[in-house]
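Student: the following block contains a protein sequence and its predicted model.
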Amino acid sequence: MKKHRSEFRLEKMCKTLQVSRSGYYKWLSAKASPQELHKAAVQERIRYHFADHKMRYGSPKITRLLHQEGYTVTERTVSVYMRQMKLRS
């Protein structure tokens, strides 16, 4: 909705998507939760290590590197994040 504000009226988009206007404004002003911030930080480090090692490292090696940096994350979580970001070794 945010991207299409210049094309369509907010009222029309809210009605079409069955979203209340107050709900839209609440979402717009919401701050990221600590969990979302942690996920973004981990994903950034995963991208860095993946690119730094010539796109050869998979989730086990990247997990070890993240543990060395002090992140507490499981290999499965790293695997899921890599799949979501379409990173494949």
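Tutor: Nice, I can see it.
Student: just the CA coordinates for stretch 80-89, please, in PDB.
Tutor: This file holds the C-alpha atoms of stretch 80-89, laid out as PDB (Å, rounded to 0.1, in the frame of the first residue of the first chain):
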ATOM      1  CA  VAL A  80      16.100 -21.500   6.700                       C
ATOM      2  CA  TYR A  81      17.400 -17.900   6.400                       C
ATOM      3  CA  MET A  82      19.700 -19.000   3.500                       C
ATOM      4  CA  ARG A  83      16.800 -20.600   1.800                       C
ATOM      5  CA  GLN A  84      14.600 -17.500   2.300                       C
ATOM      6  CA  MET A  85      17.400 -15.300   0.800                       C
ATOM      7  CA  LYS A  86      17.900 -17.800  -2.000                       C
ATOM      8  CA  LEU A  87      21.600 -18.400  -1.100                       C
ATOM      9  CA  ARG A  88      22.800 -21.800  -2.200                       C
ATOM     10  CA  SER A  89      26.400 -23.100  -1.800                       C
END
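Student: quickly find the element holding the spatially most central residue of the chain.
Tutor: Geometric centre of the chain, nearest residue: residue 40, 5.4 Å, by Cα atoms, centre = their mean. If you go by DSSP states H and E, residue 40 is part of helix 34-52.
Student: so for that helix, what gets flagged as buried?
Tutor: Buried residues in helix 34-52, counted by 16 or more other Cβ atoms under 10 Å: 39, 42, 43, 45, 46, 49, 50. Where C-beta positions appear, they are placed from N, C-alpha and C, glycine not excepted.
Student: and the next helix or strand past it?
Tutor: Downstream of helix 34-52, the first helix or strand assigned by DSSP H and E is helix 59-69.
Student: buried ones in the helix or strand that that following helix is followed by?
Tutor: Next helix or strand after helix 59-69 toward the C-terminus (DSSP H and E): helix 75-84. For helix 75-84, burial by neighbour count (16+ other Cβ under 10 Å) applies to 75, 77, 78, 81, 82.
Student: out of the residues you listed, who's nearest residue 60?
Tutor: Distance to residue 60 across those (Cβ to Cβ) is lowest for residue 75, with 5.7 Å.
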